[in-house]
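>>> Build me a structure from this.
(2 chains)
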Amino acid sequence: MLIKYKLGILLLMIAFASGQVLAADQGKAAAKPQAAEKKAVAEDPRAAAANKIILAADAARKKAGSVGGEWRDTGKMLKKAKAAVKSGAYDKAIKLAEKAGRQGELGYTQATSQQKLQLPSYVTVLYVNK
Amino acid sequence: MKKLLLLLSVLVMVMGFSLAVHASPEEDRLVFRKFYEKRFPNVATEDFINGAYSIDKAGRENWEAIEEFPPYEPFMERGREMWEKPFANGKGYKECFPDGPGVAHKYPHWDKKQQMVMTLPLAINQCREANGEKALKYKKGSINDILSYMAFESRGQITNVVVPKNDSSALDAYEQGKKFYYTRRGQLNFSCAHCHLQNAGMNLRAEMLGPALGHTTHWPTYRSKWGTVGTLHRRFTGCNKQVRAKPFKAQGEEYRNLEYFLTYMSNGLPLNGPGARK
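Prediction:
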């Protein structure tokens, strides 16, 4: 129970801290289209839109991974998003990719905000009272 | 007066942080131990090698019954055969480990030549590859056989990890492992310490969170949930996934450094592998 409560607070804190990063980075990441996906896009403009978001989200995922901050399910979400594009479920694809992109951003912020070791107070007090 | 108190407590906190960051491995270890001795004053320090069963009475009875017919025994037997059987080139593990199979207490250690933390599973695979054999997988499969045998032969040896003072890279590796342990990860934003220090003794789903002192003494371990014996790095993987973080590579630098730190924390405790857990 306690764990759940703490979890809620921590998640809120992260979400808050990374809100600005999110807003700033999304535009940047979305702006780079990549050649690899072009052939799949072809006919439907919604497919192109979805693929663009998927590419940006995948870049965000990799960026988180580069600092050891990737989350467990982000890659799976992107796989599902790609499958959804193939089956024509564009709204679903976009939703999934947007979520994955947010996870990438959050994971990155989470890792980089802890670049310095910070021991919890229940440990540090034991050093002080040595 | 109030302000002064506030200032004082802030100072204490700041000092606490900086002291902790510059602490030596030995200071870290004493604090780690003290944490659990304070939290569980009725548990003898050596009993922490039994993990959650040192603090979970009901679980302990169940576990003691399981240990009467150890589920890891067939693995040990196969491991003994592996140990005895020469490789295709006629050499064998015996040549790589001249002090015999009971050498688990010498790992992990700082390998000066390779400038990295050497673990027992990695040493086993380096031995195999040097003799033209295929490397074994690091989480599941027959690496657990040979590890079970070697762990059993090492029972009673004392954990004694050394961070050599004359090689700053060794201390770096230790510090990396320590940092890993206290870093929040994954969608749940938990560090190892959140569960195994802060919440030790609490229940998480059907399991009681065990103390991390003694976490490294009994590998590999038969887990009922796995239905087989698995390595320490497989366990790390599972604990990373629990908080919805992407796990790292078994025997990659992150987990080896983590093992280096975590095993150091258990210095002085006897080895009791292979283990059996829920």
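
>>> Could you find the closest non-adjacent residue to residue 60?
Picking chain A for this. Excluding its sequence neighbours, the residue lying closest to A:Ala60 (Cβ to Cβ, 6 or more residues apart in numbering or on different chains) is A:Gly104, at 2.8 Å. C-betas here are computed from N, CA, C, even on glycine.

>>> if you could check chain B rather than the one you did, that'd help
B:Arg60 sits nearest to B:Tyr53 (Cβ to Cβ, 6+ apart), 4.2 Å away.

>>> now swap in B:Trp63 and tell me
Nearest non-adjacent residue to B:Trp63, counting by Cβ to Cβ, 6+ apart: B:Tyr53, 4.9 Å away.

>>> Then A:Thr112?
Nearest to A:Thr112 is A:Val67, by Cβ to Cβ, 6+ apart, at 5.8 Å.

>>> burial of that neighbour, as a residue count?
A:Val67 has 15 neighbouring residues, counting by other Cβ atoms under 10 Å in any protein chain shown.

>>> Report the mean per-residue pLDDT for stretch B:263-278.
For stretch B:263-278, mean pLDDT rounds to 97.

>>> how far out from the middle of the chain is it?
Centroid separation for stretch B:263-278 versus its chain: 7 Å, with Cα atoms, centre = their mean, to the nearest Å.

>>> In this structure the residue nearest to B:Arg60 contacts B:Ala65, no?
No: using Cβ atoms under 8 Å, B:Tyr53 is not in contact with B:Ala65, being 11.6 Å away.

>>> Of those two, which one has the most company?
B:Tyr53 (24 against 9).

>>> wait, what's in contact with that one?
Applying Cβ atoms under 8 Å, 6 or more residues apart in numbering or on different chains to B:Tyr53 gives the contacts B:Gly59, B:Arg60, B:Trp63, B:Gly210.

>>> neighbour-wise, which of those leads?
Within the contacts of B:Tyr53, most neighbours by other Cβ under 10 Å means B:Gly210, with 22 neighbours.

>>> and the residue nearest to that one when sequence neighbours are not counted, how far is that from B:Gly79?
Spatially, and ignoring its direct neighbours in sequence, B:Gly210 is nearest to B:Ala52 (3.3 Å; Cβ to Cβ, 6+ apart). In this view, B:Ala52 and B:Gly79 are 26 Å apart by Cβ to Cβ, to the nearest Å.

>>> cool, B:Phe48 as well?
26 Å.

>>> if I look at the residue of chain A found nearest chain B, how far off is A:Lys116?
Going by Cβ to the nearest Cβ, chain B is nearest to A:Thr124 of chain A, at 3.3 Å. Counting by Cβ to Cβ, the gap from A:Thr124 to A:Lys116 is 14 Å.

>>> before we move on, what about B:Met150?
38 Å.

>>> which of these two has more neighbours?
Neighbours were counted for B:Met150 and for A:Lys116 using other Cβ under 10 Å; B:Met150 has more, 27 against 8.

>>> Could you look up the SS state of the more buried one?
helix (DSSP: H, G, I helix; E, B strand; the rest coil).

>>> which residues touch it?
Counting by Cβ under 8 Å, 6+ apart, B:Met150 has contacts B:Gly79, B:Trp83, B:Pro101, B:Gly102, B:Val103, B:Ala104, B:Leu120.

>>> Walking through chain A, point out its helices one by one.
A:2-30, A:38-41, A:45-66, A:74-86, A:90-112, A:121-128 (DSSP state H).

>>> mean pLDDT for the ones you listed: which is lowest?
helix A:2-30 (a mean of 46).

>>> How is the chain partitioned into domains?
I went with chain A, as the question did not name one. When chain A is parsed with automatic domain parsing, its domains come out as A:1-34, A:44-118.

>>> You answered for a different chain; I wanted chain B.
B:2-69+B:162-277, B:73-153.

>>> Can you pick out the residue with more neighbours from B:Ala52 and B:Gly79?
Neighbours were tallied for B:Ala52 and for B:Gly79 using other Cβ under 10 Å; the higher tally belongs to B:Gly79 (28 against 18).
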